[in-house]
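Asker: Dropping a prediction and its sequence here:
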Amino acid sequence: MEAAPPTIGSPSPALKLFAAAGLALALAVVLAWHDWLPGGYRLRSQFESDTARSLRATELHAFQRLEEFAESNPAAPRGATLFLGSSTIERFPLEECFPGKPCLDRGINNADLRLLHAVLAEVLPRQKLRAAVIYAGSPDLHAGRPVEEILLGMRQLVQRLRLSEGINLPIALIGVMPARETTPERAGELRALDRGLMELTRDLNLSYVPTLRPPLVDSELRLNAAISIDDRHLSPAGYSILARWLIEEGGEAGRGLAP
């Protein structure tokens, strides 16, 4: 006669408590990962690559900047000058460089052309602009995107801006600046991009402010350490030079910023 198979009793209270705690922990991890609970950034940093963390930080910062734009856009004055671009624009001390001139800082740190295209409608104020100043393409170049792709993105960005604000909107492009450490290969890409931007401005009737010249750079196209605060960003003295060039060479967009 075969023995009856052993029966499995109900889980003990301790085992039930352990299972419930495990489920709660798993739920907390999921919520934190998606920033619904604190600690998500630290948690993700244990698993994400440097590239993924950088992308996530860029997206979070862009979201925060868009919230700021949404709050300030309704009160933006008519006839302001829009400054659009990446971190060089976000850090631009517009009030100090152009006192008394209505300027809208719509720079987003590390914003490449794809991101600028994606958020263009959200950065524009309700009131019509007087002019626009664009500094874009630097994150794209440092990410290794081809010069031709950058130039196409710039052309499309200008065209979309004019479709929204009018074909006669004065626009000035600021040339992409190098880093403090510039390889010969990157120097060649910068020169090619500079030539392409000059051709683009002639084709679209824009103004161009070149930056590959002293005192911003040396003969090997390295950003001047004396007027920069880090590898890619200008100091207040550097911005003062850039602002003067913009007023002198930025066409109608620049003339409207003169004292």
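Answerer: On my side now, so go ahead.
Asker: Find me the pLDDT at residue 56, would you?
Answerer: Reading off the per-residue confidence, residue 56 sits at a pLDDT of 71.
Asker: end-to-end on stretch 91-102?
Answerer: 16 Å (C-alpha to C-alpha, to the nearest Å).
Asker: For the stretch 151-259 of the chain, just list every one of the strands.
Answerer: Counting by DSSP state E, counting those that start in this stretch, one finds strands in the stretch 151-259 of the chain at the ranges 171-174, 207-209.
Asker: what sits against residue 88?
Answerer: Counting by C-beta atoms under 8 Å, 6 or more residues apart in numbering, residue 88 touches 107, 135, 138, 174, 177, 232, 233, 234. Where C-beta positions appear, they are placed from N, C-alpha and C, glycine not excepted.
Asker: at 10 Å what do you get?
Answerer: By C-beta atoms under 10 Å, 6 or more residues apart in numbering, residue 88 lies in contact with 107, 109, 135-136, 138, 174, 176-177, 211, 232-234, 238-239, 242.
Asker: helix/strand/coil for it?
Answerer: Remark: residue 88 carries the secondary structure label helix [criterion: DSSP: H, G, I helix; E, B strand; the rest coil].
Asker: coming back round to it: quick one: which of the strands of the stretch 151-259 of the chain is nearest residue 250?
Answerer: Distances from residue 250 to each of the strands of the stretch 151-259 of the chain were compared by C-beta to C-beta, and the smallest falls on strand 171-174, at 3.7 Å.
Asker: Can you tell me the strand partners of that closest one and which way each runs?
Answerer: The strands that strand 171-174 pairs with in its sheet are strand 129-135 (parallel), strand 207-209 (parallel) (by DSSP bridges).
Asker: quick revisit: out of the contacts of residue 88, which one sits closest to residue 250?
Answerer: Of all the contacts of residue 88, residue 250 sits closest to residue 174, with 8.3 Å by C-beta to C-beta.
Asker: neighbours of the closest one, just the number please.
Answerer: For residue 174, the tally of surrounding residues (other C-beta atoms under 10 Å) stands at 27.
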